[in-house]
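Participant: I would like the atomic coordinates for the input below:
(2 chains)
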Amino acid sequence: DAKTTQPPSMDCAEGRAANLPCNHSTISGNEYVYWYRQIHSQGPQYIIHGLKNNETNEMASLIITEDRKSSTLILPHATLRDTAVYYCIVRATTSGTYKYIFGTGTRLKVLA
Amino acid sequence: GAGVSQTPSNKVTEKGKYVELRCDPISGHTALYWYRQSLGQGPEFLIYFQGTGAADDSGLPNDRFFAVRPEGSVSTLKIQRTERGDSAVYLCASSSQGTTQYFGPGTRLTVL
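Facilitator: Residues are numbered from 1 along each chain as shown, chains lettered A, B, ... in the order given. The predicted model follows:
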């Protein structure tokens, strides 16, 4: 079973910040939080990941709560091209398969 | 640099036939993963290779599915006696050991 819970869909106005929440209340101390997105008919695209601290890159910011039970992906200025399904995944850091267990994600629609 | 490539991009076959799907990982990546994605669902893990060996094949649905990676680079997913329920997008991802996975564009398999 997926270890994460996300809202099935969200809308965001173009140019505004999109804040996508993820609940991972059973996360272990050695598990990273990863975010991917999937635009229609393409493979999942890596966005960002983190362990404890907040992270930022050219695509997005990741805010992880202090207890690590939830996180938020922030797209600071959403564009129409950000319309996609966004997946939040937790993955072990130590030895093992490192396989991803995907949920059904959040379908983000950016509105003009 | 070149990303993960998958061929063919689309494959249509008849029930009962045998199919092979190919994945070319990012050069130097030792880990390779296969996932399957049905319509409206997140990707589902099938098998993981570390080098030439299948380190985890727990996601393969039955013995009609088999995958190889003989030289530790290119991998082939083989499906025998295809069934209509095998219709899906088959995704391949590669990574350095224990790091971020990068996905290919997928092969859309349709079994008539």
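
Participant: Residue of chain B nearest chain A, please.
Facilitator: When scored by CB to the nearest CB, chain B has B:Gly42 as its residue closest to chain A, at 3.1 Å. No exception for glycine: its C-beta is placed from N, CA and C like everyone else's.

Participant: residue contacts, A:Pro7?
Facilitator: A:Pro7 sits next to A:Pro21, A:Thr106 when contact means CB atoms under 8 Å, 6 or more residues apart in numbering or on different chains.

Participant: Relative to A:Ile48, how far out is it?
Facilitator: Distance, A:Pro7 to A:Ile48, by CB to CB, to the nearest Å: 19 Å.

Participant: and if you look at B:Glu14?
Facilitator: 43 Å.

Participant: got the contact list for A:Leu75?
Facilitator: A:Leu75 makes contact with A:Cys12, A:Ala17, A:Ala18, A:Leu20, A:Met59, A:Ala60, A:Asp82 under the criterion CB under 8 Å, 6+ apart.

Participant: how about the closest residue to it other than its chain neighbours, what does it touch?
Facilitator: Counting by CB to CB, 6 or more residues apart in numbering or on different chains, A:Leu75 lies nearest to A:Ala18, which is 4.2 Å off, once chain neighbours are set aside. Taking CB under 8 Å, 6+ apart, we find A:Ala18 in contact with A:Met10, A:Cys12, A:Ile74, A:Leu75, A:Ala78, A:Asp82, A:Leu108, A:Val110.

Participant: Out of these, which comes closest to A:Gly29?
Facilitator: A:Ile74 (24.2 Å; CB to CB).

Participant: who's in contact with the residue nearest to that closest one when sequence neighbours are not counted?
Facilitator: Counting by CB to CB, 6+ apart, A:Ser61 is the residue found nearest to A:Ile74 once chain neighbours are left out, at 4.4 Å. By CB under 8 Å, 6+ apart, A:Ser61 lies in contact with A:Ile48, A:Asn54, A:Glu55, A:Leu73, A:Ile74, A:Pro76.

Participant: hang on, A:His24 packs against A:Ile101?
Facilitator: No - when contacts are counted by CB atoms under 8 Å, A:His24 is not listed as touching A:Ile101 (11.1 Å).

Participant: Overlap in contacts, these two.
Facilitator: Common neighbours of A:His24 and A:Ile101 (CB under 8 Å, 6+ apart) are A:Lys3, A:Val90.

Participant: follow-up on the earlier one: need the contacts of A:Ala18 in CSV (columns: pLDDT).
Facilitator: Formatted as CSV, the contacts of A:Ala18 follow (pLDDT from 0 to 100):
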residue, pLDDT
A:Met10, 98
A:Cys12, 97
A:Ile74, 98
A:Leu75, 98
A:Ala78, 97
A:Asp82, 97
A:Leu108, 98
A:Val110, 97
